[in-house]
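Student: requesting a structural model of the entry that follows:
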Amino acid sequence: MERINGILFKQMLESGMNNLSNHSAEIDALNVFPVPDGDTGTNMHLTVSNGVKEALKTNSDSVKDIAKTLSRGLLMGARGNSGVITSQIFRGIYQAVEDLDDMDASQLAHALVNGSRVAYRAVMRPVEGTILTVIRESSEKIVEYTQPGMEIEDVFSYFVKEAENSLERTPELLPVLKEVGVVDSGGAGLLLVLTGFMAALTGDR
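Tutor: Residues are numbered from 1 along each chain as shown. I've put the predicted structure just below:
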């Protein structure tokens, strides 16, 4: 397909929320940074669920209206560092699509990059090797990769693969992760949301 409309966007959001919910305990177990309190998966699940449930209630099938409601719901329900950063990523995505009823691959790539930029600006001292790195590196790659007229599935599959690669590199950037032998929990939570999105795109929900 060449465009994401509001109906498909809602399906992606629901699939991403469900995938994160199903694996939130696994994300909790990875949580060692900034403190090993074992709640990243829970916080991200509560944040994402609050935003997505509000978005699914939206009567409009316009991407901009759904993204606006999603952004507001995420912000109101944000829990913990990971939840706040996730809410900022989607705030940036909304800013990029606020005039769009649907979006093509290039517009999607631009929105993801803007999500990364907004998230970085929201953090006083950004730390590499975290969810911030995962969204920045993968969104930069997708912009380089995307050409006019490309299929959404192709572009998003590439984006998810780059997010996986970035997540695998997080222990090299954050020594505490390497010491314990885990990847970043926030980045892993984000990847679950993205793979849920991909499942909706390919009909594997």
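Student: tell me which strands and helices the longest helix seen in the chain is in contact with?
Tutor: With secondary structure taken from DSSP state H, the chain has its longest helix at helix 152-173. Applying 3 or more Cβ pairs under 8 Å, 6 or more residues apart in numbering; DSSP states H and E, we find helix 152-173 packed against helix 105-122, helix 131-145, helix 175-180, helix 185-202. Any C-beta I mention is one placed from the backbone N, CA and C, and that applies to glycine too.
Student: will you turn these into CSV that also has mean neighbour count, distance to Ile89 and mean pLDDT?
Tutor: Below are those laid out as CSV (neighbours: other Cβ atoms under 10 Å; distance: least, Cβ to Cβ, whole Å; pLDDT from 0 to 100):
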stretch, mean neighbour count, distance to Ile89, mean pLDDT
helix 105-122, 20, 4, 97
helix 131-145, 21, 6, 97
helix 175-180, 14, 20, 89
helix 185-202, 24, 8, 97
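Student: for these, give me a markdown table that also has distance to Arg169.
Tutor: Formatted as a markdown table, those follow (distance: least, Cβ to Cβ, whole Å):
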| stretch | distance to Arg169 |
| --- | --- |
| helix 105-122 | 16 |
| helix 131-145 | 8 |
| helix 175-180 | 10 |
| helix 185-202 | 10 |
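Student: distance check, the residue in the chain sticking out farthest from the centre against Ile27.
Tutor: Here the chain reaches farthest from its C-alpha mean at Glu179, the gap being 26.2 Å by Cα atoms, centre = their mean. Taking Cβ to Cβ, to the nearest Å as the measure, Glu179 falls 19 Å from Ile27.
Student: got the buried residues for stretch 123-132?
Tutor: Buried residues in stretch 123-132, counted by 16 or more other Cβ atoms under 10 Å: 129-132.
Student: what do you get for stretch 145-156?
Tutor: Buried residues in stretch 145-156 (16+ other Cβ under 10 Å): 146, 150, 152, 155-156.
Student: chain center to it: distance?
Tutor: 18 Å (Cα atoms, centre = their mean, to the nearest Å).
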